[in-house]
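A.B. asks: Pasted the sequence and its predicted model underneath.
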Amino acid sequence: MTNKTVQETAVNAIRVLSADAIQKANSGHPGLPLGAAPMAYELWANHMRHNPADPDWPDRDRFILSGGHGSMLLYSLLHLFGYGLTMEDLKQFRQLGSATPGHPEYGHTAGVEATTGPLGQGMAMAVGMAIAEKHLAGVFNRENYPVVDHYTFALGGDGCMMEGISSEAFSLAGTLGLGKLIILYDSNRISIEGSTDLAFTENVQERMDAFGFQTITVEDGNNLEAIGAAIEAAKADTRRPSFITVRTEIGYGCPAKQGKASAHGEPLGGENVKELKRFLGWPEDKSFYVPEEVYGHFRRLAAQKEEEENAWKAMFAAYCGEYPEMEELWERYHDENAAQDLLNDSEFFKKTEGPDATRNVSGRIINYIKDRLPNLIGGSADLGPSNKTVMTGVCDFSADTPQGRNLHFGVREQAMASIGNGLALHGGLKPYVATFFVFSDYVKPMARLSAIMGVPLIYVFSHDSIGVGEDGPTHEPVEQMAMLRSLPNFHVFRPCDGMETAAAWYSALTEKKTPTALVLTRQNVPPVEGTGKGALRGGYILDDCEGTPDLILIASGSEVPLVAAAKKELAGEGRKVRVVSMPSMDVFEEQSQEYRESVLPRSVRRRVAVEALSGFGWDRYVGLDGVCITMDGFGTSGPYSTLFEYFGFTVARVVDAARAL
């Protein structure tokens, strides 16, 4: 075969493998792989630095398939390039326990950089990865030693461009001048319901140009040479991110489906698969067939990719020899256990003197750890002064100061959270993001992906309850705590004072596979006697009585002082009362049955739970015989101290509820 013929056959191998796997599973989305195979091949074969023998090479280019429904495109590439996906894996597409699930899953399949499926999120995560690359390059690169020098590519279609999160993320990407971010837009003008003209007639190129992107168009999505030239032109512009529109035909090569909505989300059908193979010049009677010449072609490409990593390793070794202090810093950036030293740091676990808001304590903690964890990076959705998430004495990350660690996301909560996932997925950084707790509604889909991927992103949510006060019900969170607590593999901490806030931060910083939300007060709260590292177990006995208690009072956050004061009043009446602080139900549920029983013995059925949020979820701790003092409505506007009394969050009400039991 000539080189051109081999490349065309390699592209068709991607198409046929995708179609065969989807047909065998009788489930999947063949349209994208058939149309986008040429651009994906050209990118992976000729323009992207990656090494199948080492999928975690730090300076590899990143590729995100934002249109995750087209997962067989990615799986075919991973198989052909030798990432460890076997032909049997392709045959088990979408089957239980297979390495080829319906949408790409990070950590499940080698070579998958992010879990994608919800459209647009892959685009925003790519922006996060590009920010990470630009920042790390600003920190580590030295003359003649570009040890961080890679591109981030994302491929998606019309659906990704319709989702608002993409616009949020791309607007920020243009502002930040992310010159190594390259977006491949699979423009086939078809969505599930039919032509995109039904709901999407804007000029996408002009929108991206307005965001500050270089925009390039490839009119023929099968023209490898034109696609390659576009990618190189994108790389040549170092000041702007690039957006390449590639005009394709959905379901290309299948006469009955090409250009139609029916090609999107259903198997082609046995006869149509044969027609596809006939059109592509493929043996019609063979399934999952790849010519040996094509495998040989991909092996040669993989060998070249390995040489690129070897060259980087040699450069990095020389860099470490010339800059030993940078090698040490590199190790600190990539040490997942660095934060564990804080456990025995008395300054970190320092009791607050006098009343203070936990958001203020959190702000002081951020500024304490910023020097101990130099890879800490983060910011807020335009609420840094309110969230107390600004690192003092540290410059802002910008197009001209990439070494900066303070991120300004603007009023873009959705993109912020997804960018945070991208920062964490990239490696080498410890990111946090922040907004008001009520706006966790905007953050939820991305927090869910954090949990699914096992990415330990830290979410800082301030203004945690009706304590917001005068801003009223639109800004007073009520049901958001129950929403986040319902997420599997997600920790939510609502600390009551400075000691518990430190414990919450320590837990968040040391988690490797679980994201954490820190839910913090706007208003001042007093330091509570007995708080401390016990909070690391999620729930613990704050104040106990002699012998078996008659009653257990449970609370989180700003309501812990209420139950502590109520206990004193009840104890004065001769009642045996235990006070339990529950900053994190999620972490408490991870403790042993024996520990949980020691804190909340089943024999003590009289229980009162107090939280100025929705009571949903507290029933597991109060049982049928207990009572919850919680919020049943959306709050109202007024000074916070007035609201707590108005809604019954008082010592007197807790005491009355206890007496009634």
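C.D. replies: Looks like it arrived, so ask away.

A.B. asks: now the strands for the stretch 351-500 of the chain?
C.D. replies: 376-380, 406-408, 430-436, 458-462, 491-493 (DSSP state E, counting those that start in this stretch).

A.B. asks: neighbouring contacts of the last one?
C.D. replies: Read it as strand 491-493. By C-beta atoms under 8 Å, 6 or more residues apart in numbering, the surrounding residues in contact with strand 491-493 are 481, 484-485, 500, 503-504, 507-508, 511, 514-519, 535, 583-587. For every residue, glycine as well, the C-beta is placed using N, CA and C.

A.B. asks: In strands only, show me these.
C.D. replies: Among the contacts of strand 491-493, DSSP state E puts 516, 517, 518, 519 in strands.

A.B. asks: from those residues, which single one is nearest residue 119?
C.D. replies: residue 517 (24.5 Å; C-beta to C-beta).

A.B. asks: still on that earlier bit, turn the strands of the stretch 351-500 of the chain into a markdown table, including distance to residue 76, mean pLDDT and mean neighbour count.
C.D. replies: What follows is the strands of the stretch 351-500 of the chain, written out as a markdown table (distance: least, C-beta to C-beta, whole Å; pLDDT from 0 to 100; neighbours: other C-beta atoms under 10 Å):
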| stretch | distance to residue 76 | mean pLDDT | mean neighbour count |
| --- | --- | --- | --- |
| strand 376-380 | 35 | 98 | 25 |
| strand 406-408 | 36 | 98 | 23 |
| strand 430-436 | 32 | 98 | 27 |
| strand 458-462 | 36 | 98 | 27 |
| strand 491-493 | 37 | 98 | 28 |
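
A.B. asks: wait, which of those strands is closest to residue 273?
C.D. replies: Closest among these, once you apply C-beta to C-beta, is strand 430-436, at 44.1 Å.

A.B. asks: can you pull the contacts of residue 275?
C.D. replies: 254, 255, 256.

A.B. asks: Dump these to a markdown table, plus neighbour count, pLDDT and distance to residue 563.
C.D. replies: Shown next, in a markdown table, are the contacts of residue 275 (neighbours: other C-beta atoms under 10 Å; pLDDT from 0 to 100; distance: C-beta to C-beta, whole Å):
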| residue | neighbour count | pLDDT | distance to residue 563 |
| --- | --- | --- | --- |
| 254 | 28 | 96 | 66 |
| 255 | 12 | 95 | 71 |
| 256 | 14 | 95 | 68 |
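
A.B. asks: Go through those residues and flag which are in strands.
C.D. replies: Using DSSP E, none of the contacts of residue 275 sit in strands.

A.B. asks: would you turn those residues into TSV with distance to residue 213?
C.D. replies: Shown next, in TSV, are the contacts of residue 275 (distance: C-beta to C-beta, whole Å):
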residue	distance to residue 213
254	33
255	36
256	37
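
A.B. asks: If we only consider the residues you listed, which is nearest to residue 526?
C.D. replies: residue 254 (69.1 Å).

A.B. asks: measure that closest one to residue 31 for me?
C.D. replies: 9 Å (C-beta to C-beta, to the nearest Å).

A.B. asks: what's the answer for residue 199, then?
C.D. replies: 18 Å.

A.B. asks: Between the two, point out the one with more neighbours.
C.D. replies: Taking residue 199 and residue 31 together and counting by other C-beta atoms under 10 Å, residue 31 has the greater number of neighbours (34 against 11).

A.B. asks: how about the helices in the stretch 1-150 of the chain?
C.D. replies: For the stretch 1-150 of the chain, the helices defined by DSSP state H, counting those that start in this stretch occupy 3-25, 31-46, 71-81, 87-91, 121-140.

A.B. asks: buried sites along the fourth one?
C.D. replies: Applying a neighbour-count criterion of 16 or more other C-beta atoms under 10 Å, the buried positions in helix 87-91 are 89, 90, 91.

A.B. asks: any chance of the residues you listed in a markdown table, plus distance to residue 275 and pLDDT?
C.D. replies: Formatted as a markdown table, these follow (distance: C-beta to C-beta, whole Å; pLDDT from 0 to 100):
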| residue | distance to residue 275 | pLDDT |
| --- | --- | --- |
| 89 | 26 | 98 |
| 90 | 21 | 98 |
| 91 | 21 | 98 |
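
A.B. asks: between the residues you listed, which is nearest residue 369?
C.D. replies: Out of those, the member with the shortest distance to residue 369 (by C-beta to C-beta) is residue 89, at 42.2 Å.

A.B. asks: Report whether the expected contact of that closest one with residue 101 is present.
C.D. replies: No: look at residue 89 against residue 101 with C-beta atoms under 8 Å: they stay out of range, at 10.7 Å.

A.B. asks: Now do the shared contacts for these two.
C.D. replies: Common neighbours of residue 89 and residue 101 (C-beta under 8 Å, 6+ apart) do not exist.

A.B. asks: returning to that earlier point: closest one of the buried residues of helix 87-91 to residue 19?
C.D. replies: Nearest member of those to residue 19, counting by C-beta to C-beta, is residue 90, at 11.2 Å.

A.B. asks: gap between that closest one and residue 374?
C.D. replies: Residue 90 is 43 Å from residue 374, by C-beta to C-beta.

A.B. asks: what's the closest of the helices of the stretch 1-150 of the chain to residue 334?
C.D. replies: helix 121-140 (10.3 Å).

A.B. asks: longest helix of the protein?
C.D. replies: The residue-count maximum for a helix in the chain (DSSP state H) belongs to helix 292-322.

A.B. asks: Against which helices or strands is the next helix or strand after that helix packed?
C.D. replies: With elements assigned by DSSP states H and E, the helix or strand that comes after helix 292-322 is helix 324-333. When contacts are defined as 3 or more C-beta pairs under 8 Å, 6 or more residues apart in numbering; DSSP states H and E, helix 324-333 packs onto helix 121-140, helix 292-322.

A.B. asks: Check these for me and report the most buried one.
C.D. replies: helix 121-140 (a mean of 27; mean count of other C-beta atoms under 10 Å).

A.B. asks: right, and the helix or strand after that one?
C.D. replies: Moving toward the C-terminus from helix 121-140, the next element (DSSP H and E) is strand 152-157.

A.B. asks: Can you name every helix or strand that that following strand contacts?
C.D. replies: Strand 152-157 packs on helix 31-46, strand 62-65, helix 121-140, strand 181-187, going by 3+ C-beta pairs under 8 Å, 6+ apart.

A.B. asks: Restrict the following helix or strand past it to CA atoms and write it as PDB.
C.D. replies: Remark: after strand 152-157, the chain's next helix or strand is helix 158-162, criterion DSSP H and E. Extracted C-alpha coordinates of helix 158-162, given in PDB (Å, rounded to 0.1, in the frame of the first residue of the first chain):
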ATOM      1  CA  ASP A 158     -23.200  20.700  17.700                       C
ATOM      2  CA  GLY A 159     -24.600  19.500  21.100                       C
ATOM      3  CA  CYS A 160     -21.500  20.500  22.900                       C
ATOM      4  CA  MET A 161     -21.700  23.900  21.300                       C
ATOM      5  CA  MET A 162     -25.400  24.400  22.200                       C
END
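
A.B. asks: Could you tell me how many residues sit around the residue nearest to residue 77 when sequence neighbours are not counted?
C.D. replies: With C-beta to C-beta, 6 or more residues apart in numbering as the criterion, residue 77 has its nearest non-adjacent residue at 5.6 Å, and that residue is residue 44. Other residues within reach of residue 44, judged by other C-beta under 10 Å, total 23.
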